[in-house]
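K.L.:
here's a sequence, model it:
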Amino acid sequence: MVLEGMFAVLVVELLLYLMFNYWGSLSSRLKKMGVTVGVFTVMLDVRRSVGFRVRRSEVVGRAVGVVGLINLVILILLFYWIVVPSVIDVIKALVVAREVIPSPFVPVVPGVTISGGSIPYFLVGIGVAVIAHELLHALTALNEGIKVVSWGLGVFLIFPFAYVRIDDEAFNKSSLSSKIRVLSAGVLSNTILALIFLTTMSSVTTVIEQYSAVVVYELDRNLGPEAPAIKADLPTPSVIYDINGTRIKSLADLRNYLKSIADKDTTLILNISRFKTLVDDVLINNLLGNELVVVHKQANISRLGILVGEALLPTTPIYLYYLSRVLYWAYVINISLAVFNAAPLVVTDGGKIVQEVFRKYGMVRLGNIIQWATVGITATLLVLGFTRFV
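P.N.:
Numbering: from 1, shown residues only. The predicted structure is shown next:
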């Protein structure tokens with residue numbers, strides 16, 4: 001259902017693009033309304049003349065410039081720290097004809113690389129991230145005396161975004177330091193938000209962990225019919241509350257208990273409850289009554305034969321659950337946008353800064369080589385990351 005909906009949106013966007021470019025009267029009307037249509041992109045200028053002003057502060061401008069530049073350098077180093085080992089491993093895999101290692105990058109494809117249930121949280125997170133990114137660009141530009149021509153909202157594929165248009169002529173005439181401040185400000189906003197969301201998420205996680213439970217998804221039949229859980233016909237899926245009276249709340253609790261009886265011939269009494277489904281693969285739904293299951297484990301068998309994971313009990317406060325999901329995706333999106341926007345790719349803020357710096361010192365060709373080489377490497381790793389899902 002998610003993929004069908006996404007396909008329908010893409011078809012509509014493609015039709016709009018064709019109509020915008022080949023239906024003159026419609027194109028003129030849309031432009032007068034402030035609508036711009038690109039390939040799978042629709043943008044609407046909410047205001048074409050931004051009348052608000054900010055009190056210019058040289059101290060604030062310098063602070064944003066210094067912190068933004070330091071942040072940018074750290075993120076660029078982080079990007080290459082992630083990318084370089086993967087590229088080396090890919091080259092080694094090609095040389096010795098072995099399987100290529102998993103890519104550190106996975107493109108976002110709703111319904112494919114992220115589950116349908118996560119899409120609403122993802123959209124909220126990306127909306128917050130992009131609005132903050134563009135807002136700090138605009139405020140920094142105004143502080144540098146560069147006019148903001150318009151601002152608006154748009155959709156790329158199915159993802160909402162916000163944007164600002166600054167006066168290109170004024171930007172091109174500004175100093176290199178002003179350009180760096182304006183371009184690095186957006187990346188800085190995403191880094192700051194990522195740190196805020198990470199800190200908040202850690203606090204929420206600490207609270208929500210008390211509702212954690214160990215669930216048995218299914219029996220591991222690869223161990224054969226003599227595996228203790230298979231011989232006991234342990235029901236699945238089910239929640240394990242305790243074993244021989246020892247409370248089991250996490251996978252660490254389960255591992256520690258099983259380690260304590262690894263070399264023992266013992267009988268285990270598991271207090272469990274069956275359940276029917278998991279909401280978003282996390283929240284237990286339709287939990288049934290308690291029951292006891294007797295499992296006999298011999299001393300020469302170290303594994304019970306169960307495939308387990310962690311989930312949240314139905315008693316979990318629903319607001320905490322949704323808050324944790326929003327915070328998680330908001331953090332992931334902001335840190336991802338910060339790293340990718342800092343990277344010296346052709347269309348990113350980091351790429352534009354590299355372009356401006358190398359142009360200033362007469363090394364445009366070297367800057368282009370760095371950017372396009374990084375684009376090629378990134379595209380290759382994204383394709384490799386996507387192949388895991390197709």
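K.L.:
chain center to stretch 324-335, what's the gap?
P.N.:
In this view, stretch 324-335 has its centroid 7 Å away from the chain centroid, taken as Cα atoms, centre = their mean, to the nearest Å.
K.L.:
can you check stretch 59-78 too?
P.N.:
On the basis of Cα atoms, centre = their mean, stretch 59-78 is displaced by 23 Å from the centre of the chain it belongs to.
K.L.:
do stretch 174-191 as well
P.N.:
Distance, centroid of stretch 174-191 to centroid of chain: 23 Å (Cα atoms, centre = their mean).
K.L.:
tell me the pLDDT of the residue of the chain positioned farthest from its centre.
P.N.:
Most distant residue from the mean C-alpha position of the chain: D265, 45.9 Å away (Cα atoms, centre = their mean). In this model, D265 is scored at 89, pLDDT.
K.L.:
shouldn't L304 be in contact with E226?
P.N.:
No: counting by Cβ atoms under 8 Å, L304 sits too far from E226 to count as a contact (11.5 Å). All C-beta spots, glycine's among them, are computed from the backbone N, C-alpha and C.
K.L.:
of those two, which one has the most company?
P.N.:
Regarding L304 and E226, a neighbour count based on other Cβ atoms under 10 Å identifies L304 as having more, with 23 against 10.
K.L.:
list phi and psi for the more buried one.
P.N.:
With angles defined as degrees, to the nearest 10, L304 sits at phi -80, psi -30.
K.L.:
I'd like the distance between it and W151.
P.N.:
Distance of L304 to W151, computed by Cβ to Cβ, to the nearest Å: 59 Å.
K.L.:
A232 too?
P.N.:
From A232 to W151 the distance is 64 Å (Cβ to Cβ).
K.L.:
please apply the same query to L16.
P.N.:
Taking Cβ to Cβ, one finds L16 at 21 Å from W151.
K.L.:
tell me the SS of the closest residue to G145 other than its chain neighbours?
P.N.:
Using Cβ to Cβ, 6 or more residues apart in numbering and skipping residues adjacent in sequence, the residue nearest G145 is R56, 6.7 Å away. Using DSSP: H, G, I helix; E, B strand; the rest coil, the structure places R56 in coil.
K.L.:
and for R56, the neighbour number?
P.N.:
Counted with other Cβ under 10 Å, R56 comes out at 11.
K.L.:
rewinding a little: residues contacting the nearest residue to the residue farthest from the centre of the chain once chain neighbours are set aside?
P.N.:
Using Cβ to Cβ, 6+ apart and skipping residues adjacent in sequence, the residue nearest D265 is A299, 4.3 Å away. By Cβ atoms under 8 Å, 6 or more residues apart in numbering, the contact list for A299 reads D263, K264, D265.
K.L.:
one more: R55?
P.N.:
So R55 contacts nothing (Cβ under 8 Å, 6+ apart).
K.L.:
what pLDDT does it get?
P.N.:
So R55 comes in at 72 (pLDDT).
K.L.:
repeat that for D253.
P.N.:
92.
K.L.:
repeat that for E144.
P.N.:
We have a pLDDT of 86 for E144.
K.L.:
against A185, how distant is it?
P.N.:
10 Å.
K.L.:
now the residue nearest to D265: phi and psi?
P.N.:
Torsion angles, degrees, to the nearest 10, at A299: phi -60, psi -30.
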